[in-house]
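In: give me the fold of what follows.
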Amino acid sequence: MRLVLQRVKRASVTVDEEVVGEIGKGMLVLVGIHRDDIAEDAAWCRAVHNQMSRPARHRRDACSTAPVHAIDATPARRRPTRWSIGAKGYTFNDRGRGLGLIAQVFKYALFGKGMFGMVAAPLRAFVRSREGLEAPDLLLGWVPMLYESNPAPKISSQSGMTCYAHPMRPESKGSIHVTSSDPRTQPAIDFNFLSAQVDADLTVIAVRIARSIMTAPALADLQVSELAPGAPLETDDEIIEWVKAAAETTYHPVGTCKMGSDEMAVVDEQLRVRGIQGLRVADASIMPTLTSGNTNAPSIMIGEKAAALVLEDTSL
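Out: The predicted structure is shown next:
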């Protein structure tokens, strides 16, 4: 397989065999497949396009003047509400320190269970923000410990729990652009969190639902008290300001190479990059919208489907 992109007097693209990759928009921009008003060298981009051998009826301008492809449905920005637990022996803050940490290591080594064998948030709740919705639109996830993120991740000395609360399908959109022709240079990514008002509104509701659960009578024996956002923060504006200061990404960005047939679509229904022969994208960037759950399993499915599509084409 050979993929050649030469930046000379006459640019050329040569693909002897099909290329399938997890490349996303950043790499496509680096090789000249992008909007010309943000191109480092729009002339080179057009030259690459002019050398494409794909039939004209299937060709789409690689230097389209359509709006730049956004990070459609950016990763949700989770809000780590924090709760102290007065009752001892329940959280990993108590059971995963000192001799307890050694016990957790052996439990994982022997049985694959315990603190080191659990997922990030082993308890999840998919919640409707209001009555009448056909499906849940909020996600709450509990971590059975308190931890500190800065300067390095570590278990807190205080016993407690962390509860994430956020919309599952945010509508805020951001963007990604290359900042240099050097592929080792990090791109400029603007997630543009909470730019859609509905995301802010749902975030407040999610935090309030987390509060209602953690302060429910059924948890009274755990001696729960709120650490963050903190009981004094009650109004919507106060909660959103706390979110902006304390929130984290869920690391589920999608949509920079969305699949579809509209002007914003980068790949077609066969995962082929429009206007480029022999190149497909097979990762979460082709998702038109964010899935309600994690993107790992759908990304595996996309990869398997891409393999099947390539095999089907080669068998014709």
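
In: which other residues reach the longest helix anywhere in the chain?
Out: Secondary structure of the chain per DSSP state H: the longest helix is helix 296-315. Helix 296-315 has contacts (CB atoms under 8 Å, 6 or more residues apart in numbering) with E18, V20, Q270, L271, R280, A282, D283, A284, I286, M287, T291. (C-beta placed from N, C-alpha, C; glycine too.)

In: thinking in terms of the whole chain, how far from its middle is it?
Out: 21 Å (CA atoms, centre = their mean, to the nearest Å).

In: domain assignment for the protein?
Out: 3-72+254-315, 77-85+118-179+194-249 (automatic domain parsing).

In: and those, which one averages the lowest pLDDT?
Out: Lowest mean pLDDT of the domains of the chain: domain 3-72+254-315, a mean of 64.

In: what number of residues lie near Y90?
Out: 18 (other CB atoms under 10 Å).

In: ditto for S149
Out: Other residues within reach of S149 by the criterion other CB under 10 Å amount to 10.

In: check F116 too.
Out: Neighbour count for F116, taken as other CB under 10 Å: 14.

In: related to what we said a few turns ago, and the longest helix of the chain, what's buried?
Out: Across helix 296-315, burial judged by 16 or more other CB atoms under 10 Å covers P298, S299, I302, A306, L309, V310.

In: show me what A125 is bridged to.
Out: Per DSSP bridges, the residues bridged to A125 are L140.

In: tell me which element the residue nearest in space to the middle of the chain falls in.
Out: The centroid of the chain falls nearest to H252 when counting by CA atoms, centre = their mean (1.2 Å). Assigned by DSSP states H and E, H252 falls within no helix or strand.

In: can you read off the pLDDT for it?
Out: 85.

In: surely it touches A284?
Out: Yes. With contact defined as CB atoms under 8 Å, H252 counts as touching A284 (7.4 Å).

In: list residues touching both of the two?
Out: T295.

In: before we move on, what SS does I213 have?
Out: Three-state call for I213 (DSSP: H, G, I helix; E, B strand; the rest coil): helix.

In: just give me the neighbour total for it.
Out: Count around I213 with other CB under 10 Å applied: 16.

In: got the contact list for it?
Out: I213 touches A125, L140, C163, L219, counting by CB under 8 Å, 6+ apart.

In: list phi and psi for the nearest residue to Y90 once chain neighbours are set aside.
Out: Sequence neighbours aside, L222 is the residue nearest to Y90 in space, at 6.4 Å (criterion: CB to CB, 6 or more residues apart in numbering). Per-residue torsions, L222: phi -80, psi -10 (degrees, to the nearest 10).

In: do I have it right that L222 meets A87?
Out: Yes. Counting by CB under 8 Å, A87 is a contact partner of L222 at 4.9 Å.

In: which one of those two is surrounded by more residues?
Out: L222 (18 against 14).

In: before we move on, which element is M115 in?
Out: Using DSSP H and E, M115 falls outside every helix and strand.

In: tell me the pLDDT at it?
Out: 94.

In: what about it, neighbour count?
Out: 18.
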